[in-house]
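Asker: what follows is a predicted protein model with its sequence.
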Amino acid sequence: MLAKRIIPCLDVTDGRVVKGVNFVELKDAGDPVEIARRYNEAGADELTFLDITATSDNRDLILHIIEAVASEVFIPLTVGGGVRAVADVQRLLNAGADKVGINTSAVLNPQLVKDAADRYGSQCIVVAIDSKRVGDHWEVFTHGGRTATGLDAVEWAKKMAQLGAGELLLTSMDRDGTKSGFDLELTRAISDAVDIPIIASGGVGNLQHLVDGIREGHADAVLAASIFHFGEFGVDEAKRYMKQHGIEVRL
Amino acid sequence: MRKKGCAVSVDIAVVDYGMGNLRSVSKAIEHVAPAMTVVVTSDPAVIAQAGRVVFPGQGAAPDCMREIDARGLRQVIIDAAHSKPFLGICMGMQVLFEHSEEGDTACLGLLPGTVQRFPAEAMVDAEGNKLKVPHMGWNNVHQTAAHPLWSGIEEGERFYFVHSYFVQPDSPDLIAGFSHYPFPFTCAVATGNIFAVQFHPEKSQNAGMALLGNFVTWNPGEGEAACDMSGAACA
């Protein structure tokens, strides 16, 4: 049976993991390659790197990181952040990424999603949707949640699937950083509206939240950062918990 | 690393026909075969001379077939599949068959059978939940026949999949493994020099590395002329 996936997310800026990652005996809390290796050993099903480098000068540092990780960690690697053109997708894939996340640029230029999917296949195009509740619906936001778009999140998800996205990474901006759990209503609304897999993100504070995201939110995968980084829970521990709650996982 | 020509003898050629990202495949093979020369190539001469051939691929069937022919690779792929250890991965498995429903595409016809899409009406699990297409993630692979490429890999081991179409061989004799989504579908086939898988061994961590490691040392038919031809040609 197909397993539900657990995906640790690493925020990278200027070639370093920010916020630090608190593994036991980790020599360098900011070294993306060593952190990726540790997550791989703990049973992560995939890894996501979000490049939040502010200046274009240091953009290429992520390429070196991906090259190094891809040479020794043989699970799917997704890289997002700053992808504006098909050429950016190509650079990341050539460095060893298996999937590329497109967020703000998908809103500014939806054709980019279609062009990239046509060129490299839907399987490597992940559209990231940042969403906030506005009145009785959810709206898409860009630029890290700062810019409202007026787009309805459910309709936008359907459009992205039609244009060729292979997967959607859905982040609730209301929940992100709150540790109060995923926005389950939002996750379920979008997961039920499209046929492609959904990765739920934003708000995980404990292991039950992961279970809820899959059971109640109908997510196909769950992404989390801080609960894993700060050593509160291990990926292996999260998987055992999910299995105990009847969720199929890769152990 | 992309290399041109055949100045040195090539142990393993990864066929590049412009369909998707081959870096993961070549990196994984280099990892399991550090002493071997691995090249990613679209040069028919290099493929013809290589000792082993890996035939990956991502994207849509019509594009794959068009790109294979645009590069003049059809015959060298067919010859390789007949003559040396040959590993098809994902789309590189599907196009070995006769026909794909995807874009109503005539494929290479090396193996009897067809390629079909997961039918929308069947995509519901035992609890009534909708199943997504593409089939994406880690699923159990059940081995239906003993094969050197399964050596050291546990029955039911999980491998990483991402696909919307699956192969239906005409003969059950071809089937080396199957998976469930939600019905059983063929995810590995084997005949002669050919082993082909729907999943991605290059992304399947330890199990995937075991399978690739088995491939790089596999000698189908134990000493038949087939697998030695290429080495001689390039020496």
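Answerer: Now that the structure is in, tell me what you want to look at. Numbers count the residues shown, from 1 in each chain, chains lettered A, B, ... in the order given.
Asker: just the element for residue A:63, please.
Answerer: Assigned by DSSP states H and E, residue A:63 belongs to helix A:61-70.
Asker: now do the buried residues in that helix.
Answerer: Across helix A:61-70, burial judged by 16 or more other C-beta atoms under 10 Å in any protein chain shown covers A:61, A:62, A:63, A:65, A:66, A:67, A:68, A:69, A:70. C-beta here means a position set from N, CA and C on the backbone, and glycine is covered the same way.
Asker: what number of residues lie near the residue nearest to residue B:97 when sequence neighbours are not counted?
Answerer: Counting by C-beta to C-beta, 6 or more residues apart in numbering or on different chains, residue B:97 lies nearest to residue B:113, which is 4.7 Å off, once chain neighbours are set aside. Residues near residue B:113, counting by other C-beta atoms under 10 Å in any protein chain shown, number 21.
Asker: the stretch 151-251 of chain A: helices as residue ranges?
Answerer: A:153-163, A:184-193, A:207-215, A:226-229, A:235-244 (DSSP state H, counting those that start in this stretch).
Asker: nearest to chain B, of the ones you listed?
Answerer: Chain B sits nearest to helix A:184-193 of all the helices of the stretch 151-251 of chain A, at 7.2 Å, using C-beta to the nearest C-beta.
Asker: report all helices and strands that that closest one contacts.
Answerer: strand A:125-134, helix A:153-163, strand A:167-172, strand A:198-201, helix A:207-215 (3 or more C-beta pairs under 8 Å, 6 or more residues apart in numbering or on different chains; DSSP states H and E).
Asker: please work out which residues outside the third one touch it.
Answerer: Read it as strand A:167-172. A:48, A:78, A:80, A:99, A:101, A:125-132, A:153, A:157, A:160-161, A:182-183, A:186-187, A:190, A:194, A:196-203, A:219, A:223, B:136 (C-beta atoms under 8 Å, 6 or more residues apart in numbering or on different chains).
Asker: among the buried residues of helix A:61-70, which ones lie close to chain B?
Answerer: residue A:70 (C-beta under 8 Å from any C-beta of the partner chain).
Asker: right, and out of the buried residues of helix A:61-70, which lies closest to residue B:82?
Answerer: residue A:70 (32.7 Å; C-beta to C-beta).
Asker: now stretch B:141-161: buried residues?
Answerer: So stretch B:141-161, judged by 16+ other C-beta under 10 Å, has buried residues B:141, B:143, B:144, B:147, B:149, B:150, B:153, B:157, B:158, B:159, B:160, B:161.
Asker: just the ones of those residues in strands?
Answerer: B:143, B:158, B:159, B:160, B:161 (DSSP state E).
Asker: quick check: closest non-adjacent residue to the last one.
Answerer: Spelled out, it's residue B:161. Using C-beta to C-beta, 6+ apart, the closest residue to residue B:161 is residue B:199 (4.7 Å).
Asker: so which strand or helix has that neighbour?
Answerer: Assigned by DSSP H and E, residue B:199 falls outside every helix and strand.
Asker: residue A:90 too?
Answerer: helix A:86-95.
Asker: what do you get for residue B:75?
Answerer: Take DSSP H and E as the rule and residue B:75 turns out to sit in helix B:74-83.
Asker: separation between residue A:139 and chain B?
Answerer: According to C-beta to the nearest C-beta, to the nearest Å, residue A:139 stands 24 Å off from chain B.
Asker: helix/strand/coil for residue A:49?
Answerer: When classified by DSSP: H, G, I helix; E, B strand; the rest coil, residue A:49 comes out as strand.
Asker: mind listing what it touches?
Answerer: Going by C-beta under 8 Å, 6+ apart, residue A:49 touches A:9, A:10, A:12, A:32, A:62, A:65, A:66, A:77, A:78, A:79, A:80, A:81.
Asker: would you check how far apart the fourth one and chain B are?
Answerer: So that's residue A:32. Distance from residue A:32 to chain B, by C-beta to the nearest C-beta: 17 Å.
Asker: next, count neighbours for that residue.
Answerer: Residue A:32, neighbours per other C-beta under 10 Å, totals 24.
Asker: I'd say it and residue A:63 touch.
Answerer: No: with contact defined as C-beta atoms under 8 Å, residue A:32 does not reach residue A:63; the gap is 11.9 Å.
Asker: just the pLDDT for residue 20.
Answerer: Just so you know, I chose chain A. Residue A:20 carries a pLDDT value of 52.
Asker: could you do chain B instead?
Answerer: pLDDT at residue B:20 comes out at 70.
Asker: what helix or strand does the nearest residue to it once chain neighbours are set aside sit in?
Answerer: Distance criterion C-beta to C-beta, 6+ apart; nearest residue to residue B:20, sequence neighbours excluded, is residue B:58 at 3.0 Å. Assigned by DSSP H and E, residue B:58 falls within no helix or strand.
Asker: residues touching residue B:58, list them.
Answerer: Neighbour list for residue B:58: A:120, A:121, A:123, A:124, B:19, B:20, B:21, B:90, B:91 [criterion: C-beta under 8 Å, 6+ apart].
Asker: for these, give me TSV that also has secondary structure and distance to residue A:40.
Answerer: As requested, those are exported to TSV (DSSP: H, G, I helix; E, B strand; the rest coil; distance: C-beta to C-beta, whole Å):
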residue	secondary structure	distance to residue A:40
A:120	helix	24
A:121	coil	24
A:123	helix	21
A:124	helix	20
B:19	coil	27
B:20	coil	23
B:21	coil	19
B:90	coil	22
B:91	helix	26
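Asker: just send these back as JSON lines, with neighbour count too.
Answerer: Formatted as JSON lines, those follow (neighbours: other C-beta atoms under 10 Å in any protein chain shown):
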{"residue": "A:120", "neighbour count": "23"}
{"residue": "A:121", "neighbour count": "24"}
{"residue": "A:123", "neighbour count": "25"}
{"residue": "A:124", "neighbour count": "25"}
{"residue": "B:19", "neighbour count": "26"}
{"residue": "B:20", "neighbour count": "25"}
{"residue": "B:21", "neighbour count": "23"}
{"residue": "B:90", "neighbour count": "28"}
{"residue": "B:91", "neighbour count": "30"}
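Asker: show me the shaky parts of chain B.
Answerer: Applying pLDDT under 70 to chain B flags the ranges B:1-8, B:222-235.
Asker: which residues touch the most centrally placed residue in it?
Answerer: Central residue of chain B (C-alpha atoms, centre = their mean): residue B:88, 1.6 Å from the mean position. Counting by C-beta under 8 Å, 6+ apart, residue B:88 makes contact with B:55, B:56, B:96, B:194, B:195, B:196, B:197.
Asker: good, we can wrap up now.
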